[in-house]
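# I would like to see how this sequence folds:
(chains A and B)
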There are 2 protein chains.
Amino acid sequence: MRQPWPVDVPRLTYGITPPKLSFDAQRRATLAEQQMARIRGLPVDALVVYDLQDESSRTDAVRPFPFLQTVDPLEYATEDLAGLAADKVVYRSVAKQGEAEMLAWMQRAQQRHVSTIFVGAPSRDATVQLRLSDAYRLRQANCPELQLGGVAIAERHRTRGEEDARIADKQGAGCSFFISQAVYDVTATKDLLSDLWFRSVRDGNPMPPVLVTLSPCGSLKTLEFLDWLGVVVPRWVQNELREAGDILQASMDTALAAFEELHAFATAKGFEIGCNVESVALRRAEIDASVEMVHRVAQVIGRS
Amino acid sequence: MRQPWPVDVPRLTYGITPPKLSFDAQRRATLAEQQMARIRGLPVDALVVYDLQDESSRTDAVRPFPFLQTVDPLEYATEDLAGLAADKVVYRSVAKQGEAEMLAWMQRAQQRHVSTIFVGAPSRDATVQLRLSDAYRLRQANCPELQLGGVAIAERHRTRGEEDARIADKQGAGCSFFISQAVYDVTATKDLLSDLWFRSVRDGNPMPPVLVTLSPCGSLKTLEFLDWLGVVVPRWVQNELREAGDILQASMDTALAAFEELHAFATAKGFEIGCNVESVALRRAEIDASVEMVHRVAQVIGRS
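Next comes the predicted model:
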């Protein structure tokens, strides 16, 4: 029995970060125009706008790139990019605000018809005013129309082995789809998808829709940053990237091969997976790579 | 530049365990006849005969199958199976004997024209009379004509990250080929092959020939035993086996897909891999599965 992808959930998305706060109005407007022109040409269902957190509390290692404050993702998605018809999924870090502020944000997001993904504190040590479960409860009580997604982390599943249960809990708390961290470790992601699938079969529930995130990696410093963020890049992939003449092309080929393998795995089981292509770098070549990646993924999932 | 498989190293092998010591002469002779008839029909270069160790010192977990003493592998390979023309690779545990005994064994093995793979103590806690390095030294000084292989463990590479250096050291100590543990985790094996490849390129050495071991798994108890032995079976593969109507068929399909992926990876890089198909169970269906597996692997490596 095939389980189709839910119609109200985006299946192919394009993920960006908002511009830095330090950009002046002119530069910010130009960037928004360029991004809209680019995204209009893509066969995606929705634009994903990330909410960057410092995350330094997660590790003692030095952050390979400095953390810089960005424009508010909701404001950027719905004002700067107002001219873009695509649906929008806006990430929101919940830890550093009180209930009133969080509630006001949700109401604004609901009015603006975006979907949202709440992100909890990056570590247990981080200062937390609001927990993820509080934010879920607030939404369910006050803004149930606000479409909610959740984060799925295969790396956490490997170490703690309960990400499938976490995802089931999040479904109960209102999440109707999930977006993964950047995926370079096929096996870890297959492990999570497999546990989700057999759990859903066992419980008689539909398989949660999961968008697998692909992120082209254009330099060894970005590779280092992925590691800093907690993304597991298997040793052999690290070798391929380090030794490649063209690291960007090698990372795209590897990521696409990973997606193809996961897609074939899902298809054989009877469910669909989605894909979120990240474009978080500013270099021209990396932006072009993300665009090419979207088209290649669209072909894999039979949309071109 | 393609690097061919060395002509004097077996590339496709079939691995068996010797019969239990408790078998009477009649049963032992019948078994040997059956095995020879089976192996003569296989497109393999050599027969591998394991030397079973208790290995209980490696873990506190209960051994899923009891440990039973077997006939001496060298004796079984060269006397009971004397009628089999195929080359023979005989494993030898080195820890529980003194130098004199080890040396006598090596001389016997060399006279009988077998190849050998020395196996060290299963854990650091085990009582050790002779270390692996002592056995290598003894061979180099006294029986340099005895062809020597080594064990390659991808799981150890994952946790300690230095199996490639270990293998390079073993090459220096006389090992001319390597046989892996049973492989279910493609990524871990790819990690090891990748590190070996880039190390050999960097050092200007040939890639060490590695035979990837495939082991059909016919029951959940065997799955548990693999885990006990330290073989990492990824979560998704465990799920496939647990949920499969036919666990044996599912394990063969998974193992063969793993081999195909590793073979394609190696071919793209420019080197060859070999394969050792284990047949360590006594059930008819599992023996038949191992035979089928050899034929399927032979096709993958272009030999049929």
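# how far out from the middle of the chain is the longest helix anywhere in chain A?
Longest helix in chain A, counting residues (DSSP state H): helix A:247-269. How far helix A:247-269 lies from its chain's middle: 16 Å, per Cα atoms, centre = their mean, to the nearest Å.
# which other residues reach that helix?
Applying Cβ atoms under 8 Å, 6 or more residues apart in numbering or on different chains, the external contacts of helix A:247-269 come out as A:183-184, A:186, A:189-190, A:193-194, A:197, A:212, A:214-220, A:223, A:237, A:240-241, A:244, A:272-273, A:275, A:285-286, A:289, A:292-293, A:296-297, A:300-301, B:236. Bear in mind the C-beta positions are built from the backbone N, C-alpha and C, glycine included.
# identify those among those residues that sit within strands.
Members of the contacts of helix A:247-269 lying in strands (criterion: DSSP state E): A:212, A:214, A:275.
# how near is the first one to chain B?
A:V212 sits 14 Å away from chain B, taking Cβ to the nearest Cβ, to the nearest Å as the criterion.
# how about that residue: which residues does it bridge to?
Beta-bridge partners recorded for A:V212 (DSSP bridges): A:C275.
# that one touches A:G274, doesn't it?
Yes: when contacts are counted by Cβ atoms under 8 Å, A:V212 is listed as touching A:G274 (7.1 Å).
# just how off-centre is stretch A:152-170 within its chain?
15 Å.
# got a list of contacts for it?
A:136, A:150, A:175, A:178-181, A:183, A:185, A:188-189, A:191-192, A:195-196, A:199, A:203, A:205, A:208, A:210, A:230-232, B:235.
# where does the prediction get shaky in the stretch 101-250 of chain A?
A:125-126 (pLDDT under 70).
# around chain B, which positions in it sit nearby?
Where the stretch 101-250 of chain A comes near chain B, counting by Cβ under 8 Å from any Cβ of the partner chain, the residues are A:157, A:161, A:185-187, A:190-191, A:193-195, A:197-198, A:234-236, A:239-240, A:243.
# mind checking which of those residues are buried?
A:157, A:185-187, A:190-191, A:193-195, A:197-198, A:234-236, A:239-240 (16 or more other Cβ atoms under 10 Å in any protein chain shown).
# just those residues: which are in helices?
Here DSSP H is the test, and those give A:157, A:186-187, A:190-191, A:193-195, A:197-198, A:235-236, A:239-240 as lying in helices.
# filter the contacts of helix A:247-269 to the buried ones?
Using 16+ other Cβ under 10 Å, the buried ones in the contacts of helix A:247-269 are A:183-184, A:186, A:189-190, A:193-194, A:197, A:212, A:214-219, A:223, A:237, A:240-241, A:272-273, A:275, A:286, A:289, A:293, A:296-297, A:300-301, B:236.
# gap between A:G15 and A:A298?
A:G15 sits 15 Å away from A:A298 when distances are taken as Cβ to Cβ, to the nearest Å.
# quick one: which of the two has more around it?
A:G15 (24 against 18; other Cβ atoms under 10 Å in any protein chain shown).
# OK, contacts around the more buried one?
Per Cβ under 8 Å, 6+ apart, neighbours of A:G15: A:47-50, A:213, A:276-280.
# pairing partners for the helix or strand encompassing A:T13, with directions?
According to DSSP states H and E, A:T13 maps onto strand A:12-16. Strand A:12-16 has its sheet partners listed here by DSSP bridges as strand A:46-49 (parallel), strand A:274-279 (parallel).
# now render the ones you listed as JSON lines, adding mean pLDDT.
Output for these, formatted as JSON lines (pLDDT from 0 to 100):
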{"stretch": "strand A:46-49", "mean pLDDT": "98"}
{"stretch": "strand A:274-279", "mean pLDDT": "96"}
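# follow-up on the earlier one: out of the buried ones among the residues of the stretch 101-250 of chain A next to chain B, which comes closest to B:A86?
A:W236 (33.2 Å; Cβ to Cβ).
# hmm, A:V210 and A:Q171 touching each other?
No: between A:Q171 and A:V210 there is no contact under Cβ under 8 Å: 11.5 Å.
# once you drop chain neighbours, what's closest to A:G150?
Closest residue to A:G150 apart from its sequence neighbours, by Cβ to Cβ, 6 or more residues apart in numbering or on different chains: A:C175 at 3.8 Å.
# so what's that neighbour bridging to?
Counting by DSSP bridges, A:C175 forms beta bridges with A:L148.
# now do the same contact list for it.
A:136, A:148-150, A:167, A:208.
# got phi/psi on the residue most central in space within chain A?
Centroid-nearest residue in chain A: A:I179, 4.7 Å away (criterion: Cα atoms, centre = their mean). Main-chain torsions, A:I179, degrees, to the nearest 10: phi -120, psi 130.
# grab the nearest non-local neighbour of it.
A:L211 is the one closest to A:I179 (Cβ to Cβ, 6+ apart), at 4.7 Å.
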